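Visitor: Here is my input; please provide its structure:
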Amino acid sequence: MSERLENSESTRHTGASDVQLEFRNRLWDKFMSAPLSSPELERSLGLFLRGSLLARLLAIDEAYRMIVQLPGQVFEFGCWRGQTSVVCENLRAIHEPFNKLRRIVAFDTFDGYAGTSSRDRVSESFHEGSYAVGGEGYAEYLRELLEIHEGNNAVPHIRNVHRVVVGNAMATVPAYLEAHPETMIALAFFDLDLYEPTKAVLRDLLDSRALVPGAVLAFFQLTRDELLPGDAIAFKEAFAGRRYTMQRSKFYSSLTFVTLHE
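Guide: Model (predicted):
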């Protein structure tokens, strides 16, 4: 727990300067040495929440608000540690506390990037194995974490609503949709980052007609062409000839919302 942040896997994927990373380390040190009891610390996490992370959480809320009146589930493709899925469970409890039909389904290999293509840009920060969670068993940990959050929210006796799916999305997504042909999706977060899985999943969703009219697709990397051009290329190819609108998040400049039209 005393690891300096500049040596961690997650900070190698940031655009923060050395000065910003040093302030992040100072903030981390303050968190680790906080003169608070455990109950006080649990209730005071906002003391240590960086502005950029708060912006990301506000953007996830922004996306969720767009689909509150829509039927359908929330899917996350490329969940890494699963923070977006956990936040969405708590947003569900805030915006529609009795809607236990709003299942959240998270997909990831949990082994990091695999199968980069010529459409992707490999770098020191983004390469084969980036974003691996560093050990087996994380998927079960995330499943339990989602259940715990469900138990803390309204209607706590109904749990295990959500799903964590392990494996390459090019195989697991069509298998899931085939096993659950009734699936309707209101919101889908895309953070796969690579061209081939992003295009394959988009086509699976479109071909299966799983996306409800007005569904929102939220892309974290769609306009970050200097780092990860595969998302944009895959999107433009999969959505050629289809009707949609686009807008960027008010809070998180790299997050783009795509709303599907018939």
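
Visitor: Let me see the contact set for the nearest residue to Gly72 once chain neighbours are set aside.
Guide: Among residues not flanking Gly72 along the chain, Ala186 sits closest, at 3.3 Å (CB to CB, 6 or more residues apart in numbering). (C-beta placed from N, C-alpha, C; glycine too.) Neighbouring residues of Ala186 by CB atoms under 8 Å, 6 or more residues apart in numbering: Ile67, Leu70, Pro71, Gly72, Gln73, Val74, Arg102, Val212, Gly214, Ala215, Val216.

Visitor: try 10 Å
Guide: 64, 66-75, 102, 211-212, 214-216 (CB atoms under 10 Å, 6 or more residues apart in numbering).

Visitor: Buried among those? Make that a ChimeraX selection.
Guide: In ChimeraX syntax, the buried subset of those is picked out as below (16 or more other CB atoms under 10 Å):
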select :64,66,67,70,72,73,74,75,102,211,212,215,216
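
Visitor: Return the subset of the contacts of Ala186 lying in strands.
Guide: Assignment to strands by DSSP state E places the following of the contacts of Ala186 there: Gln73, Val74, Phe75, Leu211, Val212, Gly214, Ala215, Val216.

Visitor: Need the three-state assignment for Phe235.
Guide: helix (DSSP: H, G, I helix; E, B strand; the rest coil).

Visitor: Just the pLDDT at the residue lying closest to it once chain neighbours are set aside, thanks.
Guide: Leaving aside its chain neighbours, Phe235 sits nearest to Leu222 (6.3 Å; criterion: CB to CB, 6+ apart). For Leu222, the model assigns a pLDDT of 89.

Visitor: Do I have it right that Leu222 meets Ser249?
Guide: No: using CB atoms under 10 Å, Leu222 is not in contact with Ser249, being 11.0 Å away.

Visitor: Looking at those two, which is more packed in?
Guide: Neighbours per residue, other CB atoms under 10 Å: of Leu222 and Ser249, the larger number sits with Leu222, 24 against 19.

Visitor: Now for the more buried one: which residues touch it?
Guide: For Leu222, the contact set (CB under 10 Å, 6+ apart) comprises 190, 198, 228-229, 231-232, 234-236, 246, 248, 254-258.

Visitor: among those residues, which are in helices?
Guide: Thr198, Asp231, Ala232, Ala234, Phe235, Lys236 (DSSP state H).

Visitor: give me the number of residues near the first one?
Guide: It refers to Thr198. Neighbourhood size, Thr198 [other CB under 10 Å]: 31.

Visitor: Surely it touches Ala188?
Guide: No: assessed by CB under 10 Å, Thr198 is found out of contact with Ala188, at 11.2 Å.

Visitor: Can you pull the residues that touch both of these two?
Guide: With contacts taken as CB under 10 Å, 6+ apart, Thr198 and Ala188 have Phe77, Phe219 as neighbours in common.
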